[in-house]
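S.K.: Fold the following.
(one chain, ligands or ions: 1)
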Amino acid sequence: MNALILKPGKEHALLHRHPWVFANAISRIEGPCAPGATIQILSYNRRFLARAAFSPTSQIRARVWSFDETEPIDHALFKRRIARAIAHRRQWIKQTDASRLIFGEADGLPGLVVDQYAQQLVCQFTAVGVEHWKEAIVAALQKETGCTDIYERSDAAIRTREGLPLRTGVLSGAEPNAPIAILENGVRYHVDIQSGHKTGFYLDQRDNRLLVQQLAHQREVLNCFCYTGGFSLAALKGGATHVLSVDSSAQALSMAQQHVTLNGFEPTRAEWRDADAFKTLRDLQSEGRQFDLIVLDPPKFAPSTQHLASAARAYKEINRVGLQLLRPNGLLFSYSCSGAVSAACFQDIVSDAALDANADIRILKRLSAGADHPQLARFPEGEYLKGLLVEKI
Ligand code: SAH
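M.R.: Below is the predicted model:
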């Protein structure tokens, strides 16, 4: 069999179950190896470490399928992994018909994301290994979920690093002719799987939306970077007196507004601003506005570690103004979805923002994605969403 031989001493990460082999760890490759083909990973002294998918163009040159020498990489493996991932969601994810069924490395399927919205599945293939096994994966998904409508949203730019073209479209069943209706913790949302962000909805914030729902009663709420109003609708459901939401996408806001009527809420309780959130935060300060609960869930400010300094400034700025806009005893839900910003670093940024805002704060809770986004213990790259629930004293 073909084999990828590591440089001396480079076996450490794999021995600790980290599922990636970087190009700079490789000594040589033996035998022919096509993109996506299965390759054995051996240490310099030829000890078996793993079987992996070979990716000749990416800096992540191989992604591990299995650390077990006796486990073949075949159709049955994909069926098993998919069945196990779905069983996990059935056990852990309640009160919703929308969840992430497959979360890449944490489900033993590096490069694959599958989200379920009611009876619709949406897949994202971002590595050449899962692309190679696409047919087997789609067949297993159909069988394990009973869903026939499967749509592909492989339009993430990281595909180009794998030498793959961007692709969206039907993988099986019918093309949806309307947004998909879902019901999450008693709130109805419509999900545009064809042109919405990611696969259409931010499933990773489900537990955090529920927390907002539970804490919003009788509070005046500000939701910055609201997208289609996930947190805004949760706050309305929880009894917020008024919710002001800000986003720079008119398309997302239009959907958010439809969600208000879809849920039967009084439209005057919700105010929407199509604007830059940085500017709006400053404007609200000049207008003398104050809030009891603020959500800051911006896009990824640090796409990589090179952007850390500018990202830190941006996070600090919105958190500083956010804290100034909070009334005493007010609550701030603040997030970073930048993988490059660690939880400790994010806490430092929010603490510095509080100092600059001259606000005393207490951390009430550390926040993350839900149980349908599990984390491998030795794979920090999988842990991108960090949040803090902070109280202004
Ligand atoms: N909280 C949302 C997801 C937010 S995603 C949810 O739970 O569904 C980030 C959002 O920030 C996107 O909708 C994007 O349109 C918006 N955005 C990006 N830059 C912005 C800016 N400068 N001002 C306002 N909105 C911005």
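S.K.: how close does the residue of the stretch 1-150 of the chain found nearest the ligand sit to V187?
M.R.: Here the stretch 1-150 of the chain gets closest to the ligand at one residue, A98, 11.9 Å apart by Cβ to the nearest ligand atom. Quick note: C-beta positions are derived from backbone N, CA and C, even for glycine. Separation of A98 from V187 (Cβ to Cβ, to the nearest Å): 11 Å.
S.K.: in the helix or strand that contains A140, what counts as buried?
M.R.: Using DSSP states H and E, A140 falls within helix 134-145. The neighbour-count check on helix 134-145 (16 or more other Cβ atoms under 10 Å) flags K134, A136, I137, V138, A140, L141, Q142, E144, T145 as buried.
S.K.: And stretch 337-345, by the same measure?
M.R.: Neighbour-count burial for stretch 337-345 [16+ other Cβ under 10 Å]: C337, S338, G339, A340, V341, A343, C345.
S.K.: So that stretch, near the ligand or not?
M.R.: No. Stretch 337-345 stays clear of the ligand (Cβ under 6 Å from any ligand atom), getting no nearer than 7.7 Å.
S.K.: Need the contact partners of that stretch.
M.R.: Here stretch 337-345 makes contact (Cβ atoms under 8 Å, 6 or more residues apart in numbering) with 204, 297-305, 307-308, 311-312, 315, 349, 366, 380-381, 383-386.
S.K.: what secondary structure does the residue of the chain most remote from its centre sit in?
M.R.: Most distant from the centre of the chain: N45, at 38.6 Å, with distances by Cα atoms, centre = their mean. Under DSSP: H, G, I helix; E, B strand; the rest coil, the three-state class of N45 is coil.
S.K.: what residues does the stretch 151-300 of the chain put near the ligand?
M.R.: Near the ligand, when you scan the stretch 151-300 of the chain using Cβ under 6 Å from any ligand atom, you find 202, 205, 225-228, 230-231, 246-249, 252, 276-278, 297-299.
S.K.: So G322 sits against S334, correct?
M.R.: Yes. Between G322 and S334 a contact is recorded at 7.0 Å, counting by Cβ atoms under 8 Å.
S.K.: list residues touching both of those two?
M.R.: Common neighbours of G322 and S334 (Cβ under 8 Å, 6+ apart) are L296.
S.K.: for the spatially closest residue to R167 that is not a sequence neighbour, what are its contacts?
M.R.: Spatial nearest neighbour of R167, excluding adjacent residues (Cβ to Cβ, 6 or more residues apart in numbering): S154 at 4.7 Å. Neighbouring residues of S154 by Cβ under 8 Å, 6+ apart: C123, Q124, F125, T126, L164, L166, R167, T168.
S.K.: Which one of those residues is nearest to Q257?
M.R.: T168 (25.6 Å; Cβ to Cβ).
S.K.: In the sheet, which strands lie alongside the helix or strand harbouring that closest one, parallel or antiparallel?
M.R.: In the assignment (DSSP H and E), T168 maps to strand 167-172. Applying DSSP bridges to the sheet, strand 167-172 is found paired with strand 149-154 (antiparallel).
S.K.: circling back to that earlier point, separation between the residue nearest to R167 and the ligand?
M.R.: Counting by Cβ to the nearest ligand atom, to the nearest Å, the separation of S154 from the ligand is 20 Å.
S.K.: confidence score at that residue?
M.R.: If you check S154, the pLDDT there is 98.
S.K.: same deal with M1?
M.R.: 74.
S.K.: I figured it hits L42, correct?
M.R.: No. Look at M1 against L42 with Cβ under 8 Å: they stay out of range, at 10.2 Å.
S.K.: Give me the more crowded residue out of these two.
M.R.: L42 (18 against 9; other Cβ atoms under 10 Å).
S.K.: so Q116 makes contact with G146?
M.R.: No. Counting by Cβ under 8 Å, Q116 stays clear of G146, with 10.8 Å between them.
S.K.: Between those two, which has more neighbouring residues?
M.R.: Using other Cβ under 10 Å as the criterion, Q116 and G146 rank with Q116 on top: 26 against 8.
S.K.: so the more buried one, which of the three states?
M.R.: Relying on three-state DSSP, one would call Q116 strand.
S.K.: got a list of what it touches?
M.R.: D97, A98, S99, R100, L101, V122, T145, C147.
S.K.: Buried only: go through the contacts of stretch 337-345 for me.
M.R.: 204, 297-298, 301-302, 307-308, 311-312, 315, 349, 383-386.
S.K.: isn't there a helix covering V321?
M.R.: Yes. Counting by three-state DSSP, V321 is part of a helix.
S.K.: begin at 450 from here
M.R.: Happy to do that; since the first residue is 450 now, the last one works out to V770.
S.K.: Quick one: residues contacting it.
M.R.: L730, R731, Q734, A806.
S.K.: one more time with 7 Å
M.R.: L730, R731, Q734 (Cβ atoms under 7 Å, 6 or more residues apart in numbering).
S.K.: Identify those among those that sit within helices.
M.R.: Using DSSP state H to define helices, the subset of those located there is L730, R731, Q734.
S.K.: mind checking the SS state of the residue most central in space within the chain?
M.R.: The centroid of the chain falls nearest to D653 when counting by Cα atoms, centre = their mean (5.3 Å). Three-state call for D653 (three-state DSSP): helix.
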